[in-house]
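**Q** Any chance you could fold what I've pasted below:
(chains A, B, C and D)
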2 protein chains.
Amino acid sequence: MTLHTDPLTDSTSAKSGDASGPRQTRRSLPIALLRAREAIMAKFRPMLARHDMSEQQWRVLRILGEYGELDASQLAERALVLGPSLTRMIKTLLKTKLIAKRSDKADGRRSLISITPKAIALIQEITPESAAIYNDIEKKFGIEQVEQLLDLLEAVTKTCD
Amino acid sequence: MTLHTDPLTDSTSAKSGDASGPRQTRRSLPIALLRAREAIMAKFRPMLARHDMSEQQWRVLRILGEYGELDASQLAERALVLGPSLTRMIKTLLKTKLIAKRSDKADGRRSLISITPKAIALIQEITPESAAIYNDIEKKFGIEQVEQLLDLLEAVTKTCD
DNA sequence: TCAATATCATTAACATGTTAAATATATTGC
DNA sequence: GCAATATATTTAACATGTTAATGATATTGA
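**A** Residues are numbered from 1 along each chain as shown, chains lettered A, B, ... in the order given. Next up is the predicted model:
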């Protein structure tokens, strides 16, 4: 069986340890991270969809649940959402009354965002379902491996930040 | 120093190993994956921007460079792009003459996509810059740790797929 | 005090993510 | 051969990602 001829490397001269072409996507860190994330999120998305919740909205609500009232910049940074995206999300989350917004009296530029009791109830509804999915992954993949992966991810993040 | 009061857990009764609330975002696999990816991509984005290339476009071109001509479905799957996104990207990449498109004679439903010589030249231009950034990360983080992380990512992906 | 500068949030414009529906072509089963 | 079904791609509609520019408020320094 013959594999296709790579358009970027003449297969007749390419060694197996070839470093001339672009890194094989299979061993590319950004692509591997994206692939892993997609595989994992595929397990969570149907559950979130049943609660009419996007992953971004779920992140925002969880962060607010974890840290309490935050200004928009801190919320965006911790929820891994860009400012303009957050501005739009805030509008819809205000409409559905899952968050509240007020302006900082001491600094008129800042908006302070917090979750409503309705959002707290929603989080408490979603959390056990989310935990069940997470536990299933941990069970299949191994808790120690999950911990090891989390440690490496934290480390590589710190290295690049 | 007093930490804020978590809206979801009464801090006066919460144990340190509390498992009632949502998983702390710090130890959430999907969030940790996203955070790591963002930290890493921040190193690559400026370089790609200088070549007027988005990360998605860069993925698509690399996949085509690696595998040769592919139909849209296979390309989308391997480049980790959804079908509708790929449809739009194909339009712009055709305009900039970085890809070519033809329909499969044996199966009229399929579109076959390939890169042009112009794209091959672009890839060869970007590749050394990309490799330099990647090598810098490997140097700071450690090659063994990168390999270990890639192995774990591959494993967790397989577990969830 | 006030002009210059910096910071926070929003808007604008366009690309991509996401799901559902539509379109076109193939395949299957009768 | 043809109707029913399945598959590949596209379109539609809306959410989010991304960068640059704008508006509003704070801070700084002369």
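
**Q** Identify each buried residue in the helix or strand that contains A:F44, please.
**A** If you go by DSSP states H and E, A:F44 is part of helix A:29-50. Buried residues in helix A:29-50, defined by neighbour count with 16 or more other CB atoms under 10 Å in any protein chain shown: A:29-41, A:44, A:48. To be clear about C-beta, it is placed using only N, CA and C from the backbone, and glycine gets the same treatment.

**Q** swap in stretch A:113-129?
**A** Buried, per 16+ other CB under 10 Å, within stretch A:113-129: A:I113, A:S114, A:I115, A:T116, A:A119, A:I120, A:L122, A:I123, A:I126, A:T127.

**Q** how about it, does it get close to chain B?
**A** Yes - judged by CB under 8 Å from any CB of the partner chain, stretch A:113-129 comes into contact with chain B through A:S114, A:I115, A:I120, A:I123, A:Q124, A:I126, A:T127.

**Q** Please identify which of the buried residues of helix A:29-50 is nearest to B:L94.
**A** In terms of CB to CB, no member of the buried residues of helix A:29-50 lies closer to B:L94 than A:I31, at 23.7 Å.

**Q** Spatially, what comes nearest to that closest one if we skip its sequence neighbours?
**A** Closest residue in space to A:I31, ignoring its immediate chain neighbours: A:T25 at 5.0 Å, by CB to CB, 6 or more residues apart in numbering or on different chains.

**Q** Verify the stated contact: that neighbour with B:I63.
**A** Yes - assessed by CB atoms under 8 Å, A:T25 is found in contact with B:I63 at 6.3 Å.

**Q** the more surrounded of the two?
**A** Between A:T25 and B:I63, counted using other CB atoms under 10 Å in any protein chain shown, B:I63 has the larger neighbour count: 23 against 19.

**Q** Quick check: which element contains that one?
**A** Per DSSP H and E: helix B:55-67 holds B:I63.

**Q** Kindly calculate the angle that that helix makes with helix B:29-50.
**A** Helix B:55-67 runs at 90 degrees relative to helix B:29-50, counting by axes from the mean of the first three to the mean of the last three CA atoms, to 10 degrees.

**Q** Does chain A have contacts with the helix or strand following helix B:55-67?
**A** Once the chain leaves helix B:55-67, the next helix or strand it forms, by DSSP H and E, is strand B:70-71. No - judged by CB under 8 Å from any CB, strand B:70-71 stays clear of chain A, getting no closer than 9.7 Å.
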